[in-house]
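Enquirer: for reference, the sequence and a predicted model appear below.
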Amino acid sequence: MAGTPAHTLAEVLTTPELSRRPARNPDWHAESLALAGLLNELASSPATIYQRLVETARDLTKAGTAGLSLLDTNGPEPVFRWAALVGQHAEHVGGTMPRHNSPCGVVLDERTPQLFSNVGRYYPSLALDPPFVEVLLLPFFVDDQPLGTLWVVATEDQRKFDAEDVRILSNLCEFASIAAELRPPAESDSAQDAAQPIPRRTSTLQQRHVRRLEAKLKVAADLAKAQAGQLQALAGRAEDAEHNERRKLALVLHNDLQQLLCAAQMHLDLAKRDSGTQALREALASANDLVRQSLDASRSLTTDMDPPILREGTLLEALEWLGTLMHARHRLTTTVVAQNAPGEISMPMKRLVFAAVRELLFNVVKYARVREARVELAVDGDLLGVVVEDRGTGFDPRVKPAAGLIGGSGLSDIRERMDAAGGGLTIHSEPGTGTRAMLWIPHRRGGDHEARKLPSA
């Protein structure tokens, strides 16, 4: 695929774009998990760490292809060998490019991250399919000597790399540098390295580097926890804002619409007594009945939008009140029990759980074809769990429900809200066996709730 370049290097080298583009927000949670996996791989299987590195680079940057190139100086001329590849161009693993005619050579010469656009216009051997729309490359070193590059490829115009991708790859290049020292020497490694006892070399280097990697991992984990706390706070503020709007509307219904309906009902009562014909009295009675129904619906809507029990009672009391309401309106007997009731929780979290349980009970009324449901509340440390269970018709949760069936949109809404607050929703159901829905949410900020999701589903 060699040939004469159709463009100059300056035309394909677009590194300044990295500082101009807005950087996306970090995903500290995903990064901390990825770094932990790399640290474990480095300790247990250093020979495969390069492949794990490129897989991690692709996943964290959402690239189409990721690769790691090593500088090989053992032949007649220095070349870069594609030591690990993943993604759309993985079949090219093991291929080489001359150092003097490779993007990796530019990166090692500059010793800084470099961004190339439509790189095949200058390097004909990289005019591949799908095309290298953008390539972001970072160098890594051992004892300040350049060893190779870690790179990611965007194969679609919509994907543009930014400063956040540079930060991610910088962290991964540190792993690449350490891996180059820890992994067993390959055939292309120097005779001096091959002669050195691997256990002794590995032990010494592990002692040198493991604390540095553990410190980096701890920073990522701490940032992940902070990000989770920020998301929970943001979800709480969103819930507060939504509640404030509901409360404003409830006040309008109570102070304006309901008073107007009451006044209309009084006038209809007076007109009915003063009317002269039976037909008119019946018409006024019918109108009066419609106004009464509207007034009842308005009062019910006011209660639904801003239940006083949420402000005045505990979450357990609010759920018990909800059970009574479901029986009065829908003849659904709801048993509410608590293994251990939570203490004080924030009002946004209380409203969120209350609304989710109400939606799940509505699903029981609409779809389960039973007249009984059970709500179970439990607390384990910083985690609050709620199970809503029925013994109704059930369904297959693996099958995407049609519009309007099995509360598809309602369940999606609950799941999105719980996820935003740092919690989740799981559904266990089979046709004919009933449904068990479990909500879990951290009710105290900053807790480590990754491993516990109670009550058990």
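Expert: Looks like it came in fine. Residues are numbered from 1 along each chain as shown.
Enquirer: all helices of the protein, in order?
Expert: Using DSSP state H, the helices of the chain run over 9-12, 17-20, 28-44, 49-61, 103-110, 163-182, 191-195, 198-252, 258-274, 278-305, 308-312, 315-330, 347-363, 408-420.
Enquirer: any idea which of these scores lowest on pLDDT?
Expert: Of all the helices of the chain, mean pLDDT reaches its minimum on helix 191-195 (a mean of 38).
Enquirer: once you drop chain neighbours, what's closest to His428?
Expert: If the residues on either side of it in the chain are set aside, His428 comes closest to Arg436, at 4.5 Å by C-beta to C-beta, 6 or more residues apart in numbering. Glycine gets a C-beta too; all of them are placed from N, C-alpha and C.
Enquirer: for that neighbour, give me its contacts.
Expert: Val387, Val388, Glu389, Ile427, His428, Ser429, Ala457 (C-beta atoms under 8 Å, 6 or more residues apart in numbering).
Enquirer: show me the two of those that sit farthest apart.
Expert: The distance between the two most remote of those (C-beta to C-beta) is 12.6 Å, for Val387 and Ser429.
Enquirer: closest one of the contacts of Arg436 to Glu164?
Expert: So of these, ranked by how close each gets to Glu164 (C-beta to C-beta), first place is Ile427, at 34.2 Å.
Enquirer: what about Gly423, distance to Ile441?
Expert: The spacing between Gly423 and Ile441, counted by C-beta to C-beta, to the nearest Å, is 3 Å.
Enquirer: er, Phe362 actually
Expert: 20 Å.
Enquirer: and what of Asp109?
Expert: Using C-beta to C-beta, we find Asp109 at a distance of 52 Å from Ile441.
Enquirer: who's more crowded, the two?
Expert: Applying other C-beta atoms under 10 Å to Asp109 and Ile441 shows that Ile441 carries more neighbours, namely 26 against 13.
Enquirer: contact partners for the more buried one?
Expert: Counting by C-beta under 8 Å, 6+ apart, Ile441 touches Met349, Leu352, Val353, Leu383, Leu384, Met418, Ala421, Gly422, Gly423, Gly424.
Enquirer: got a list of what the closest residue to the fifth one other than its chain neighbours touches?
Expert: Put plainly, it is Leu384. Leaving out its chain neighbours, the residue that sits closest to Leu384 by C-beta to C-beta, 6+ apart is His443, at 4.3 Å. Neighbour list for His443: Pro342, Ile345, Ser346, Met349, Val379, Asp382, Leu383, Leu384 [criterion: C-beta under 8 Å, 6+ apart].
Enquirer: next: Ala356.
Expert: Val386, Ile414, Arg417, Met418, Leu425, Leu439.
Enquirer: now for those residues, which pair is the farthest apart?
Expert: Val386 and Arg417 (13.4 Å).
Enquirer: compare the two (neighbour count), which wins?
Expert: Val386 (26 against 22).
Enquirer: beta partners for the closest residue in space to that one that isn't next to it in sequence?
Expert: In space, and not counting its chain neighbours, Val386 is closest to Leu439: 4.5 Å by C-beta to C-beta, 6+ apart. Beta-bridge pairing of Leu439 under DSSP bridges involves Val386, Leu425.
Enquirer: so Leu439 makes contact with Leu383?
Expert: No: contact status for Leu439 versus Leu383: not in contact, 10.6 Å apart, counting by C-beta atoms under 8 Å.
Enquirer: which one's more surrounded, the two?
Expert: The residue with more neighbours, out of Leu439 and Leu383, is Leu439; 26 against 22, by other C-beta under 10 Å.
Enquirer: next up, the contacts around that one.
Expert: For Leu439, the contact set (C-beta under 8 Å, 6+ apart) comprises Val353, Ala356, Val357, Gly385, Val386, Val387, Val388, Ile414, Met418, Gly423, Gly424, Leu425.
Enquirer: who are the contact partners of Leu68?
Expert: Contacts for Leu68 (C-beta under 8 Å, 6+ apart) come out as Tyr50, Leu53, Val54, Trp82, Ala83, Ala84, Leu85, Gly148, Thr149, Leu150, Trp151, Ala176.
Enquirer: spatially nearest residue to it (excluding sequence neighbours)?
Expert: Nearest residue to Leu68, sequence neighbours excluded (C-beta to C-beta, 6+ apart): Ala84, at 4.4 Å.
Enquirer: from Glu11, how far out is the one you found?
Expert: In terms of C-beta to C-beta, Ala84 sits 29 Å off from Glu11.
Enquirer: what's the answer for Arg374, then?
Expert: Distance, Arg374 to Glu11, using C-beta to C-beta: 68 Å.
Enquirer: the more surrounded of those two?
Expert: Applying other C-beta under 10 Å to Arg374 and Glu11 shows that Arg374 carries more neighbours, namely 17 against 13.
Enquirer: beta partners for that one?
Expert: With DSSP bridges applied, Arg374 shows beta-bridge pairing to Thr335, Glu389.
Enquirer: could you tell me the end-to-end distance of stretch 147-164?
Expert: Stretch 147-164 has an end-to-end distance of 23 Å (criterion: C-alpha to C-alpha, to the nearest Å).
Enquirer: list the buried residues of that stretch.
Expert: Of the residues in stretch 147-164, 147-155, 159-162, 164 count as buried by neighbour count, 16 or more other C-beta atoms under 10 Å.
Enquirer: picking up where we left off before, just put the contacts of Leu439 in CSV and tack on distance to Pro16.
Expert: Shown next, in CSV, are those (distance: C-beta to C-beta, whole Å):
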residue, distance to Pro16
Val353, 49
Ala356, 48
Val357, 53
Gly385, 51
Val386, 52
Val387, 55
Val388, 55
Ile414, 45
Met418, 42
Gly423, 42
Gly424, 42
Leu425, 45
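Enquirer: and of these, the nearest to Val119?
Expert: Gly424 (41.9 Å).
Enquirer: turn the contacts of Leu68 into JSON lines, including distance to Thr335.
Expert: JSON lines is the format used below for those (distance: C-beta to C-beta, whole Å):
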{"residue": "Tyr50", "distance to Thr335": "57"}
{"residue": "Leu53", "distance to Thr335": "53"}
{"residue": "Val54", "distance to Thr335": "54"}
{"residue": "Trp82", "distance to Thr335": "63"}
{"residue": "Ala83", "distance to Thr335": "62"}
{"residue": "Ala84", "distance to Thr335": "57"}
{"residue": "Leu85", "distance to Thr335": "58"}
{"residue": "Gly148", "distance to Thr335": "64"}
{"residue": "Thr149", "distance to Thr335": "63"}
{"residue": "Leu150", "distance to Thr335": "57"}
{"residue": "Trp151", "distance to Thr335": "59"}
{"residue": "Ala176", "distance to Thr335": "58"}
